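*Asks:* predicted coordinates and the sequence they were generated for:
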Amino acid sequence: AQSVTQLDSHVSVSEGTPVLLRCNYSSSYSPSLFWYVQHPNKGLQLLLKYTSAATLVKGINGFEAEFKKSETSFHLTKPSAHMSDAAEYFCVVTLTDSWGKLQFGAGTQVVVTP
Amino acid sequence: EAGVAQSPRYKIIEKRQSVAFWCNPISGHATLYWYQQILGQGPKLLIQFQNNGVVDDSQLPKDRFSAERLKGVDSTLKIQPAKLEDSAVYLCASSLGDNSNEQFFGPGTRLTVL
């Protein structure tokens, strides 16, 4: 069975400093992995996705993630945090043979301080 | 391009009452999903439609929840009767139904059961 574990429930960063959100996955097969962001009172938005092409995936708003099979990780990073990055972030895996069914992690709440 | 529309945005009811949520997916999207997101958790899939047929409803509490997607476009999710633990945000998402697995989410309906 596939699953994801987000290692931090809350992350606080200062504006202009790097952001690191950690995600580990469990999968019997090569998974498809995603990061979604959820701003307050808004719908989930896809940041980036990995589907077995390049292991370093670039997304929107300066975010990127690296797929590391040896570590079963898919951490999300951004070199310099902006106030607008304050939101909840979800690491997501597609379940095998599941018609696109997504398995969400529990989420990481990001707070950005001035 | 118009996004996924949901209504109402907020609903407060008392336990044992009934409630219905409506979703209009992005035009041309064959696959429609309903998720339940309890506070502090990631979204959990309730039901998935491919056109007007159910693909997966394994996590839908069928004794009280029902959903339909007549004509393969709009969808309604109903809860009857509601319980306190049904308090959550109900998210609707849609996708083309191809192998990209990219789902587009609506803003959600926040349900409070008193």
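*Replies:* Done, it's in.
*Asks:* near whichever residue of chain B sits closest to chain A, how many other residues are there?
*Replies:* In chain B, the residue that lies nearest chain A is B:Gly42 (3.1 Å; CB to the nearest CB). For every residue, glycine as well, the C-beta is placed using N, CA and C. When neighbours are defined as other CB atoms under 10 Å in any protein chain shown, B:Gly42 has 22 of them.
*Asks:* for it, helix, strand, or coil?
*Replies:* coil (DSSP: H, G, I helix; E, B strand; the rest coil).
*Asks:* look at it and report its pLDDT.
*Replies:* pLDDT for B:Gly42: 92.
*Asks:* wait, it sits on A:Gly107?
*Replies:* Yes - the criterion here is CB atoms under 8 Å, and B:Gly42 meets it with A:Gly107 at 5.4 Å.
*Asks:* identify the contacts common to the two.
*Replies:* Common neighbours of B:Gly42 and A:Gly107 (criterion: CB atoms under 8 Å, 6 or more residues apart in numbering or on different chains): A:Phe90.
*Asks:* give me the nearest residue to residue 114, chain neighbours excluded.
*Replies:* In the absence of a named chain, this looks at chain A. A:Glu15 (5.6 Å; CB to CB, 6 or more residues apart in numbering or on different chains).
*Asks:* if you could check chain B rather than the one you did, that'd help
*Replies:* Residue nearest to B:Leu114 in three dimensions, not counting chain neighbours: B:Glu14, with 5.2 Å by CB to CB, 6+ apart.
*Asks:* OK, now which residue of chain A is nearest to chain B?
*Replies:* Closest point on chain A to chain B, by CB to the nearest CB, is A:Phe104, at 3.1 Å.
*Asks:* show me the beta-bridge partners of that residue.
*Replies:* Assessed by DSSP bridges, A:Phe104 has beta-bridge partners A:Val92.
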